[in-house]
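1. Compute the structure for the input listed below.
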Amino acid sequence: MSLKHTYTLIAPFYDAMLARATRAARQRSLTALPTEPGRVLLAGVGTGLDLPHLPAQHHYIGLDLTHAM
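-> I've put the predicted structure just below:
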């Protein structure tokens, strides 16, 4: 089974399975964003779990392996 196929299958359950377990790591990663407004590439954006928490001053482009994510 390919990685793309695997993520397509788990996408509907991804947030419920991982949101709580990865919350601290995701919050720490947000501190790495630049303070000045700019463009930010979200490689592996997944289901968009972090989107509501992203600072508004940036322009974001999100990519992922599968449309399901």
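2. which ones are touching the most centrally placed residue in the chain?
-> A centroid search over the chain (C-alpha atoms, centre = their mean) returns residue 45, at 3.2 Å, as the residue closest to the centre. Residue 45 makes contact with 51, 62, 63, 64, 69, according to C-beta atoms under 8 Å, 6 or more residues apart in numbering. C-beta coordinates here come from the backbone N, C-alpha and C atoms, glycine included.
3. mind checking the backbone torsions on the second one?
-> By that I understand residue 62. Backbone torsions for residue 62, taken as degrees, to the nearest 10, come to phi -110, psi 130.
4. If I look at the closest residue in space to it that isn't next to it in sequence, what pLDDT would I see?
-> The shortest distance from residue 62 to any non-neighbouring residue, by C-beta to C-beta, 6 or more residues apart in numbering, is to residue 45 (3.3 Å). Note for residue 45: predicted pLDDT of 93.
5. same check, this time on residue 20
-> At residue 20, pLDDT is 90.
6. And for residue 30?
-> pLDDT recorded at residue 30 is 89.
7. And it, its phi and psi?
-> phi -70, psi -20.
8. I'd like the distance between it and residue 1.
-> 32 Å (C-beta to C-beta, to the nearest Å).
9. Of the contacts of residue 45, which is the most crowded?
-> Of all these, the most densely surrounded is residue 69 (19 neighbours; neighbours counted as other C-beta atoms under 10 Å).
10. Show the residue spans covered by the helices in this protein.
-> For the chain, applying DSSP state H gives helices covering 3-30.
11. Worst mean pLDDT across the helices and strands of it, which element?
-> One helix or strand of the chain scores below all others by mean pLDDT, DSSP states H and E: helix 3-30, with a mean of 90.
12. Of all the residues in that one, which ones are buried?
-> Within helix 3-30, the residues that count as buried by 16 or more other C-beta atoms under 10 Å are 7, 11, 14.
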